[in-house]
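Participant: no FASTA, just this:
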C-alpha cells in the first residue's frame, strides 16, 4: 500500500485554499514574510510566524530537546531572508501540560543558538502551562521573527523571466516538514534508528544568502527570487514567487538526493510526485538568478547546484 501526505493526515490543498480565501480579505498575506512600512523612513519591517510541527514527536521519543529550538528559529528567519530582509529579533511560545524546567532549558538553549546563527536577538516569549491539554512530557513550539529591509529592495519574484536559472542550496535533512508522513512510514523502532538524520536541525541560510544579496544585487537585481522549500515543497513554494507568464523546470538528476529520503520513499511506497510535494529532497532553499551570473552565484555558496531554469508558462513546476 502506498502512503501519501494526505493519508498521513495533512491536506496541503486545504491549507492553500484557506490562504487564497484569506487573501481576498487581507491582501498583504501569502508571501514568505509580511511587509509593514515604517512611516517616515526608508525601511519596511518584515515578519514571520511558524512552528516545528510533528518533528517534535521524534524529539519526545528519543528524549532529545537541544536542537528543536534551532528548527524553530530557522523556520522563521529563512522565510524572512526570502524577501531579502535581515532578521532583527525573535520571540518564542512554549506550551506544555506541566513545565519540565530541564527540558525547557534545553529547548531554549537551541533557540538561543539559532538566534546567534541568524544574527537576531531573542527578546522575549511566553511559557504556557495547560494541564490536560498536552500529554505528559510533551510540548509545542511557535516562533515569531521580525526583520528589516530597505524599501524598494525587496526580492518578491516579480522580475523573474524565462532563461533565469535556479540554484539549489543543500538541506541538512528533512528540516521541519513532512514529519506526519515520515512518522506514518516508520515504526517507533525505525524512528529511533534514524533519529540522528531526522532530528538534524533545519539549516539556517540567513548569513550566506544576505552576503550573496549584498554582493550580487549591489548595482542591479541579479537574485530575483528566493523560495524556502518547506510545506508544499517545490510545487507550492516555488510557484508562490513566480509571476504570470513563467514556469519552472527542475532537473532531478542535478543533485544527489540524500539516503534518508530514498528510505522514506521505498518504505512508504510513496510516489515521486508526493515526495517532491512533501519533502525537500535535499534542497532547503532555491534562488532564481539571472543566467549570465548563475555560475558565479552558484560558486559563492558551498555545495550549491544549478538545478533548473525558468521558461514561459503559467506558474507551474515540472520535473525532468
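Facilitator: Thanks, I have the structure now. Predicted model, so just to flag it, every value in this text is computed and none were measured. Numbers count the residues shown, from 1 in each chain.
Participant: Counting neighbours, what do you get for the nearest residue to residue 241 once chain neighbours are set aside?
Facilitator: In this structure, residue 241 finds its nearest non-sequential neighbour in residue 157, 3.3 Å apart by Cβ to Cβ, 6 or more residues apart in numbering. Backbone N, C-alpha and C define where each C-beta goes, glycine included. The number of residues packed near residue 157 is 22, by other Cβ atoms under 10 Å.
Participant: Quick check, residue 157 in contact with residue 225.
Facilitator: Yes: Residue 157 is within contact range of residue 225, at 4.1 Å (criterion: Cβ atoms under 8 Å).
Participant: Between the two, which contacts overlap?
Facilitator: 241-242, 288 (Cβ atoms under 8 Å, 6 or more residues apart in numbering).
Participant: Now do the contacts for the residue nearest to residue 241.
Facilitator: By Cβ under 8 Å, 6+ apart, the contact set of residue 157 is 224-225, 240-243, 288.
Participant: quick revisit: the shared contacts of residue 157 and residue 225 in strands, which ones?
Facilitator: residue 288 (DSSP state E).
Participant: Quick check: pLDDT value at the spatially most distant residue from the centre of the chain.
Facilitator: Distance from the C-alpha centroid of the chain peaks at residue 40, with 32.2 Å (Cα atoms, centre = their mean). Residue 40 carries a pLDDT value of 96.
Participant: Can you give me the neighbour number for residue 263?
Facilitator: 16.
Participant: Phi, psi for it please.
Facilitator: phi -60, psi -40 (degrees, to the nearest 10).
Participant: shouldn't it be in contact with residue 198?
Facilitator: No: counting by Cβ under 8 Å, residue 263 sits too far from residue 198 to count as a contact (10.4 Å).
Participant: show me where pLDDT drops low in the chain?
Facilitator: Applying pLDDT under 70 to the chain flags the ranges 1-31.
Participant: Could you point out the longest helix of it?
Facilitator: helix 101-117 (DSSP state H).
Participant: quick one: buried residues of that one?
Facilitator: 103, 106-108, 110-115, 117 (16 or more other Cβ atoms under 10 Å).
Participant: okay, the residues you listed in CSV with distance to residue 251 next?
Facilitator: Shown next, in CSV, are the buried residues of helix 101-117 (distance: Cβ to Cβ, whole Å):
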residue, distance to residue 251
103, 44
106, 41
107, 39
108, 41
110, 35
111, 37
112, 39
113, 35
114, 32
115, 36
117, 30
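Participant: which SS state does the residue nearest to residue 316 when sequence neighbours are not counted fall under?
Facilitator: With sequence-adjacent residues excluded and distances taken as Cβ to Cβ, 6+ apart, residue 316 is closest to residue 247, at 4.8 Å. At residue 247 the chain is in strand, as set by DSSP: H, G, I helix; E, B strand; the rest coil.
Participant: Just give me the neighbour total for residue 247.
Facilitator: Residue 247 has 17 nearby residues by other Cβ under 10 Å.
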